[in-house]
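>>> Dropping a prediction and its sequence here:
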Amino acid sequence: RGGGEEESSFVSIASSDDTRHSTSERHIFACYNPIYALYERIGLLFLNDARYARCIIEFAPRDKIDQVTVALTAFAKNSDCWQHILVGSLQAEFDQNAERPETILRAVSPAARIIAEYMRVKGKEFLEFLLRDFIQDEICAHPHLSLELDPSKLEDPSHGVRNLGRLTELSDKLVTRITSPEALEALPECIRAVCGYIHRLCLEHRINEAPLVGGLLLLRFINPALVSPDSFHCLGQGSVLSPSQRRNLVVLSKVLQNLGNEAIFGEKERYMAPLNGFIASHQASIRIFLQSVGVDKQIGRASCRERV
């Protein structure tokens, strides 16, 4: 563990977005900058062995873990060398939370944040394929559509029953699209490999993998694009969402989130409870889909680690 100057240098070097210089040029810079040279050598360790990422996450002071996570993510992104950082962060996540499996990949853990960024980088085209037509045809094309169930937001309480029917119908269309063979085939194999490695760790620790994979795929990968499609190039050219249309997407994301977490709506959002029957009836298909995601059709689950 170095001092403050070295610590800040690690974060600034790893987080640099400057890609103007070639590897040979960076090597020349390293010769004149001892701190740069030191952390270039540390970076090379991350490229060759997952244990280094695992150790830096496990032993980093808790008040520095955010900086470490940002630096590791930026290094992986800028070098496009994710494998050992992903594997090491996942190993640390499972080892540190083995006695509290409900906390694994939740909140803002290093592994969850690194994987979320990895999926965002590698899954851009998939999100466009999955969501653009759905949002254009089902949301943008119907400016007066309302999926609102919250009584405090309804102009007329009698509209709740009508909106529930529409919400159920669109939720079914969205889930059917997500779990379709076409979507599974289009999902990048590198993302499936990460899910496969999570499945492997779940087997080792005797943990139900469906909520973990579901939380990553549905909550951290698909839902952000569903709620803010204009930030993920998932809107048709020239389309602009109105506040009510954005609200419709938020309501749909709530259904998707609970499906991924294998949870029903409770007291916190009682007005969404009528969707609990829908969630229960689609739980099996979601579980089958999430299990299928972790299977690489060429090499099987056991070797998914090597495909990251």
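Received, thanks. Residues are numbered from 1 along each chain as shown.

>>> for the stretch 201-308 of the chain, which spans come out with low pLDDT?
296-308 (pLDDT under 70).

>>> Could I get the contacting residues of D49?
H84 (C-beta atoms under 8 Å, 6 or more residues apart in numbering). No exception for glycine: its C-beta is placed from N, CA and C like everyone else's.

>>> per-residue confidence for it?
Listed pLDDT for D49 reads 83.

>>> Likewise for the one 10 residues further on?
Note for F59: predicted pLDDT of 87.

>>> Was I right to think V255 contacts F278?
Yes: contact criterion C-beta atoms under 8 Å: V255 and F278 qualify, at 7.2 Å.

>>> Please enumerate the shared neighbours of these two.
Residues touching both V255 and F278 by C-beta under 8 Å, 6+ apart: S171.

>>> These two: who's more crowded?
A direct count of neighbours by other C-beta atoms under 10 Å for V255 and F278 places V255 higher, at 23 against 18.

>>> Quick check: which element contains the more buried one?
Element membership for V255 (DSSP states H and E) is helix 243-261.

>>> Can you point out the buried residues in that helix?
The neighbour-count check on helix 243-261 (16 or more other C-beta atoms under 10 Å) flags 245, 247-249, 251-261 as buried.

>>> Looking at the residues you listed, spot the one nearest Q291.
Nearest to Q291 out of these is G260 (C-beta to C-beta; 13.2 Å).

>>> Contacts only, for the closest one.
Counted by C-beta under 8 Å, 6+ apart, G260 has contacts 211, 214-215, 217-219, 286, 290.

>>> Repeat that for H233.
124, 127-128, 132 are the contacts of H233 under C-beta under 8 Å, 6+ apart.

>>> Out of these, which end up buried?
Neighbour-count burial (16+ other C-beta under 10 Å) applied to the contacts of H233 gives 127-128, 132.

>>> before we move on, the earlier item: so what does the helix or strand following the helix holding V255 touch, helix or strand wise?
Using DSSP H and E, the helix or strand that follows helix 243-261 in sequence is helix 276-293. Judged by 3 or more C-beta pairs under 8 Å, 6 or more residues apart in numbering; DSSP states H and E, helix 276-293 is in contact with helix 159-178, helix 181-186, helix 189-205, helix 210-214, helix 243-261.

>>> for those, which one sits closest to T103?
Nearest of the helices and strands packed on helix 276-293 (C-beta to C-beta): helix 210-214, 10.8 Å.

>>> Which neighbouring elements make contact with that closest one?
So helix 210-214, by 3+ C-beta pairs under 8 Å, 6+ apart, packs with helix 189-205, helix 243-261, helix 276-293.

>>> try 6 Å this time
helix 189-205, helix 276-293 (3 or more C-beta pairs under 6 Å, 6 or more residues apart in numbering; DSSP states H and E).

>>> Run through who's touching it.
Residues from elsewhere that reach helix 210-214 (C-beta atoms under 6 Å, 6 or more residues apart in numbering): 105, 195, 198, 260-262, 287, 290.

>>> And these, which is closest to L47?
Nearest to L47 among those: I198, at 21.9 Å, using C-beta to C-beta.

>>> Tell me which residues touch that closest one, please.
212-213 are the contacts of I198 under C-beta under 6 Å, 6+ apart.

>>> picking up where we left off before, what's the farthest-apart pair in the contacts of helix 210-214?
L105 and R287 (17.1 Å).

>>> who has more neighbours, the two?
A side-by-side neighbour count of L105 and R287, using other C-beta under 10 Å, places L105 first with 23 against 19.

>>> Work out for me the element the nearest residue to that one once chain neighbours are set aside sits within.
Nearest-residue entry for L105: A112, 4.6 Å, with adjacent residues in sequence omitted and distances by C-beta to C-beta, 6 or more residues apart in numbering. Element membership of A112 [criterion: DSSP H and E] is helix 110-122.

>>> Select, out of the helices and strands packed on helix 276-293, the one closest to I42.
When the helices and strands packed on helix 276-293 are ranked by proximity to I42, the top entry is helix 189-205, at 23.6 Å, counting by C-beta to C-beta.
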